[in-house]
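In: Sharing a model that was predicted from the sequence below.
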Amino acid sequence: METIIILGSGPAGLTAAIYAARAGLKPLVVEGMHPGGQLTDTTDIENFPGFAEPLGGTDLMDRMHRQAERLGVRFMLDEAGAVRLAADDALPPAERVHEVTLAMAGDKLETRALIIATGASARYLGLPSEKLLIGHGVSGCATCDGAFFRGQAVAVVGGGDTALEDALYLSRLAASVTIIHRRDAFRASKIMADRVLANPAITVCWDHVVEEVLDPAANTVTGVRVRHVKTGAVSLLPVQGLFIAIGHTPNTAMVKDGLELDPNGYIVTDQTRTRVPGVFAAGDVQDHRYRQAVTAAGSGCMAALEAERYIGTLGV
Ligand code: NDP
């Protein structure tokens, strides 16, 4: 029987682990199949407080991992295939045990408290050239990487609130921003659409899809080839940065039957507490609004403190 299991090893999971370890809870982290999470897809980070010089996303996560290890956190390279939560209110708290089945090993782990920090995965278009250039001009996060494109031409793919928010953010940094959207109307809220359409630094390339990102051979983005969905006409858009903002998928499949999720699949929380006592959620898996490493770390801290309080009430 574990006291606390943490699912996920991004900034939320590792911060939760650091706090839980320092509270003497001997946490076990099930790292997931993408240890370090989304940040490991980012090249330079310059908005995580405490580092005067930019550092790589993998480097930051490596440091958090070593910090957690030094404090005695145990790690398991596997992911939760299924999670069975003790949601029965009739059970006395000390008898409530949550069960995690590991996807690869198949083992069943039991725990009194569980922190879910499995994050969200940015959706990408699925083009081979796009994949090759992630971190080399293709990004899934404007707030993370926008500053590297100061004074350059960039494009944003998508027509939802994220794409428009990204375009507005980038318009303050980049020389020009082109939104590439596959339809002739935005999905985003009217207020965002009005702001974008009134912004002289932003152009909208309606009814277009990206066919290819150039140029993998140069290992950097030099432009995108786009196609008009109605006429089939192909054209080249010279840009140095391409931001994909076509939505995120929260990694909540294993708890979709046990926890309350919002219509987009994110775990509904009240200050990291879920509706099930002893089960907490932190980071992007419960936050589609801020999605920052530092906010994820902050909510990981909150979840660990809440879990510590919960475990203290069990009298075990
Ligand atoms: P959405 O699902 O709302 O929008 C995704 C956009 O990407 C759509 O315009 C969609 O096109 C387009 N898209 C999806 N797949 C592809 C593809 N394969 N190729 C090209 N385009 C594609 O996601 P968001 O991340 O924008 O928003 C998620 C939620 O978060 C929403 O509820 C949103 O309102 C909310 N949000 C709120 C914010 C705020 O309040 N400040 C900020 C950001 C998000 P199509 O329209 O044709 O389907």
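Out: It's in. Given the structure is predicted, the values throughout are model-derived calculations rather than measurements. Numbers count the residues shown, from 1 in each chain.

In: close to the ligand, is the longest helix along the chain?
Out: Secondary structure assigned by DSSP state H gives helix 293-314 as the longest helix of the chain. No. Figure legend: helix 293-314 not in contact with the ligand (C-beta under 6 Å from any ligand atom); closest approach 13.8 Å. The way it works is simple: take the backbone N, C-alpha and C, and place the C-beta from them, glycine included.

In: Mind checking the pLDDT average for that helix?
Out: Helix 293-314 carries an average pLDDT of 97.

In: same thing with stretch 49-63?
Out: Rounded mean pLDDT across stretch 49-63 is 94.

In: which residues touch that stretch?
Out: 9-11, 14, 35-37, 39-46, 48, 293-294 (C-beta atoms under 8 Å, 6 or more residues apart in numbering).

In: Mind checking which of those residues land in strands?
Out: Among the contacts of stretch 49-63, the ones falling in strands (DSSP state E) are 44-45.

In: Which of the contacts of stretch 49-63 are buried? Put it as a ChimeraX command.
Out: Restricted to buried positions by 16 or more other C-beta atoms under 10 Å, the ChimeraX selection for the contacts of stretch 49-63 reads:
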select :9,10,11,14,35,36,37,39,40,41,42,43,44,45,48,293
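
In: Could you report the neighbour count for the residue of the chain found nearest the ligand?
Out: In the chain, the residue that lies nearest the ligand is Gly160 (2.3 Å; C-beta to the nearest ligand atom). When neighbours are counted by other C-beta atoms under 10 Å, Gly160 registers 17.

In: What are the neighbouring residues in contact with it?
Out: Contacts of Gly160 by C-beta under 8 Å, 6+ apart are 186-188, 245-247.

In: Please enumerate the helices of this structure.
Out: Taking DSSP H, the helices of the chain run over residues 11-22, 57-70, 128-132, 142-145, 161-171, 190-197, 293-314.

In: Now stretch 69-83: buried residues?
Out: By neighbour count with 16+ other C-beta under 10 Å, stretch 69-83 contains the buried residues 73, 75-76, 78-80, 83.

In: so can I have TSV of the helices of the chain showing distance to Ala122?
Out: Formatted as TSV, those follow (distance: least, C-beta to C-beta, whole Å):
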stretch	distance to Ala122
helix 11-22	15
helix 57-70	13
helix 128-132	12
helix 142-145	10
helix 161-171	10
helix 190-197	19
helix 293-314	14
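
In: Please list which of the buried residues of stretch 69-83 also come close to the ligand.
Out: Near the ligand, by the rule C-beta under 6 Å from any ligand atom, you find none of the buried residues of stretch 69-83.

In: Sort out which one of the residues you listed lies nearest Val229 for me.
Out: The closest of these to Val229 turns out to be Glu79 (C-beta to C-beta; 36.7 Å).

In: which residues does that closest one contact?
Out: 7, 30-33, 102-104, 118.

In: Kindly recompute the last result at 6 Å.
Out: In this structure, Glu79 makes contact with 32-33, 103, judged by C-beta atoms under 6 Å, 6 or more residues apart in numbering.

In: Would you reformat those residues as TSV and include neighbour count, pLDDT and distance to Arg225?
Out: Shown next, in TSV, are the contacts of Glu79 (neighbours: other C-beta atoms under 10 Å; pLDDT from 0 to 100; distance: C-beta to C-beta, whole Å):
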residue	neighbour count	pLDDT	distance to Arg225
Gly32	23	96	34
Met33	9	90	32
Ala103	15	96	38
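
In: Model confidence for Asn251, exactly?
Out: On the pLDDT scale, Asn251 gets 97.

In: Can you verify my assumption that it contacts Thr118?
Out: Yes. Using C-beta atoms under 6 Å, Asn251 makes contact with Thr118 at a distance of 4.0 Å.

In: which of these two has more neighbours?
Out: Using other C-beta under 10 Å as the criterion, Asn251 and Thr118 rank with Thr118 on top: 31 against 23.

In: Sheet partners, orientation included, of the helix or strand of the chain with the lowest mean pLDDT?
Out: The least trusted helix or strand in the chain, going by mean pLDDT, DSSP states H and E, turns out to be strand 44-45, with a mean of 78. The strands beside strand 44-45 in its sheet (DSSP bridges) come out as strand 55-56 (antiparallel).
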